[in-house]
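Trainee: Would you be able to build a 3D model of this:
(2 chains)
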Amino acid sequence: MSKLFAAEVVSNTQVAPGVFKLVMCEAELARLARPGQFLNIRVSAGTAPLLRRPISVHWVEGDNLTIIFQVVGQGTQLLAQVQSGGRLDVQGPLGHGFNTQTSGQAILVGGGMGLAPLGLLAQTLHRQGRTTLCLAGGRTAELVQASGGSSLAGLGLPVHYATDDGSLGLNGLVTELLLRELPREAVIYACGPQPMLREVAKLAQEHGIPCQVSLEEHMGCGVGACLGCMCKTAMPQGKEYYQRVCTEGPVFDAAEVVWQ
Amino acid sequence: MSKTMSEINLRVNLGGIELSNPVTTCSGTYGFGAEYAAYVDPSELGGIVVKGVTREIRPGNPMPRLAETPSGMLNSIGLQNPGIDAFIADYLPQIRALETKVLVNISGNNEEDYAFVARRLSEAGGIAGIEVNISCPNVKCGGIQFGTDPVMAAQVTRAVRDNTQLPVIVKLSPNVTDITAVARAVVEAGADAVSLINTLLGMAIDIQRVRPVLANVMGGLSGPAIKPVAVRMVWQVAQAVPVPVLGMGGILTAEDAIEFMLAGATAVGLGTANFVNPAAPREVVQGIAAYCQARGIDDVNKLIGAAWK
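Mentor: Next comes the predicted model:
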């Protein structure tokens, strides 16, 4: 069950140009958070910006939770200015996260800031003793490491990299790394930009591999009340309907998603 | 002599509905009642107004449906809902179990739809009243067109009035030149109360994509940005009609809510505030009581329209 917390900010550090890692301390929240879930954070005590910012949980260690975010607008700019020792108005944990009750090898595929939620997932799978392979993509080595790549490697998990500029691993796309691994008995967990997720979903379908994708969407309420953050999904019979990214998601079965 | 909080009467009567305090939540922002129960116990609220229901299932509008604007937000949800039959079967039982007064917001394409949904809800029972949405800006058929024409607004109100014994609250659109004309028309047609304001029609353009932000192009503006407009309209309507006003539009805090009551609202609704601060409804109830206590006011009803004199 989600709640409102006044979480203590432990640190807020710029880890790459425009990318911040914020650690907060809140024991109950840390205990409740599951992989793929998000926090709805109030970034301004006033009315600008008005809405909370949904940001996934990257890491949990003891009573501490870490989020990683990129400064893209007014909200994240304010969040970047939050000082350690202060309090953060956090609503969470929210959303339907990754299902880790799966079998076979886990292949984690992350692109850009989409690497962040894979951290807590990797922690959980690692604790379960699951064989896990991480595929991490992004623009540069620095950004891939900052947005979550270094956390995955820190767990001792095998990580293969792909970068747009070739500064780390393959000079190309993370989906090319995935293709090299297929076919195999596995389950895919993916988070990243829509074109990447669409391609991952397509590869998973072609190879008959179960695949869970974590989607990103602008949100109004974050709790399923406003119906503002919808994802078009398809029933097996082909009938399409909208599901809430904040409630039925953000993690969906890739086969259900109707890609735009 | 100052009163203790418990000595202050917070009960108000909204067109025949006894509310334990003047604070409610607005339709479309509070889901079907359970979504926010983790933050505020519904029993602490005067009432809740649940998401708009129509005769048939509505898939809602394409994405994007939201755009954040200065101190506000635009939405174009498109009345997504499961339809009245599924609502009664799948949602009403849990709604009835909530220990607060529940109003169900209804919409339709024509008078027959409104009459049908009102009748079905009355037969199903277990709710405190019906809020008639004649002001949704986000659907092609029905909604706002009824709310901008006093004659059509009265016809829809009459259709609902003739099909239910429940208190009928008509939700007015601010997208009109003279809101008092529509208010008078629906009251003459049998409305027990009016609620206002619904969202203001607006839009935003993404200058990078060179396209409207919302897939539906236009949407309804809500949040603190619209509060002064709402206070003005509550002021006008409360003095123009003999029925109670449920005031809403950008209320975030108790101070905002008190302003609406001083303008003439009998009760207030919190909408977008829930997104910003899920604990806001409780804080507003407490803040209204504290204001009364600080000023030695023993009955919250004394705030209603107090600024007129």
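Trainee: any idea how far residue A:222 lies from residue A:92?
Mentor: Noted for residue A:222: a distance of 8 Å to residue A:92, by C-beta to C-beta, to the nearest Å. To be clear about C-beta, it is placed using only N, CA and C from the backbone, and glycine gets the same treatment.
Trainee: which stretches of the chain form helices?
Mentor: No chain specified, so I'll use chain A. Assigned by DSSP state H, the helices in chain A fall at A:27-32, A:74-80, A:116-128, A:141-144, A:150-154, A:174-181, A:194-206.
Trainee: I was thinking of chain B, sorry if that wasn't clear
Mentor: Counting by DSSP H, chain B has helices at residues B:84-86, B:92-96, B:111-124, B:144-147, B:150-161, B:179-188, B:227-240, B:254-263, B:273-276, B:280-294.
Trainee: which one of those helices lies closest to residue A:40?
Mentor: helix B:273-276 (8.8 Å; C-beta to C-beta).
Trainee: that older thread, who wins for proximity to residue B:51 among the helices of chain B?
Mentor: For those, proximity to residue B:51 was assessed by C-beta to C-beta; helix B:92-96 is nearest, at 10.5 Å.
Trainee: and that closest one, what other elements does it pack with?
Mentor: For helix B:92-96, the packing partners by 3 or more C-beta pairs under 8 Å, 6 or more residues apart in numbering or on different chains; DSSP states H and E come out as strand B:101-106.
Trainee: Relative to the strand it packs on, what are the paired strands and their orientations?
Mentor: Paired neighbours of strand B:101-106 in the sheet (DSSP bridges): strand B:47-53 (parallel), strand B:129-133 (parallel).
Trainee: Count the neighbours of residue A:104 for me.
Mentor: Residues contacting residue A:104 under the criterion other C-beta atoms under 10 Å in any protein chain shown number 13.
Trainee: tell me the pLDDT at it?
Mentor: Note for residue A:104: predicted pLDDT of 91.
Trainee: In contact with it, which residues?
Mentor: By C-beta atoms under 8 Å, 6 or more residues apart in numbering or on different chains, residue A:104 lies in contact with A:185-187.
Trainee: State the distance from the residue nearest to it when sequence neighbours are not counted to residue A:93.
Mentor: Spatial nearest neighbour of residue A:104, chain neighbours left out: residue A:185 (4.7 Å); criterion: C-beta to C-beta, 6 or more residues apart in numbering or on different chains. Using C-beta to C-beta, residue A:185 is found at 31 Å from residue A:93.
Trainee: out of those two, which sits in the busier spot?
Mentor: Taking neighbours as other C-beta under 10 Å, residue A:185 and residue A:93 compare with residue A:93 leading, 25 against 8.
Trainee: picking up where we left off before, turn the strands paired with strand B:101-106 into CSV, columns for mean pLDDT.
Mentor: Compiled in CSV, those are given as follows (pLDDT from 0 to 100):
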stretch, mean pLDDT
strand B:47-53, 95
strand B:129-133, 97
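Trainee: any weak-confidence spans in the chain?
Mentor: Because you didn't say which chain, this covers chain A. For chain A, no stretch is flagged by pLDDT under 70.
Trainee: not what I meant, chain B
Mentor: For chain B, the stretches with pLDDT under 70 are B:1-4, B:136-144.
Trainee: Residue numbers of it in contact with chain A?
Mentor: Counting by C-beta under 8 Å from any C-beta of the partner chain, the residues of chain B close to chain A are B:28-31, B:35-36, B:38-39, B:51, B:59-60, B:63-66, B:68, B:70-73, B:75, B:77, B:80, B:223-225, B:252, B:272, B:274-279.
Trainee: Please convert the buried members of these into PyMOL selection syntax.
Mentor: Here is the PyMOL command that picks out the buried ones among the residues of chain B next to chain A, judged by 16 or more other C-beta atoms under 10 Å in any protein chain shown:
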select buried, chain B and resi 28+29+30+31+35+36+39+51+60+63+64+65+66+68+71+72+73+75+77+80+223+224+225+252+272+274+275+276+277+278+279
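Trainee: From the residues of chain B next to chain A, which land in strands?
Mentor: Within the residues of chain B next to chain A, residues falling in strands by DSSP state E are B:51, B:66, B:68, B:72-73, B:75.
Trainee: which among these gets closest to residue A:15?
Mentor: Nearest to residue A:15 out of those is residue B:68 (C-beta to C-beta; 26.5 Å).
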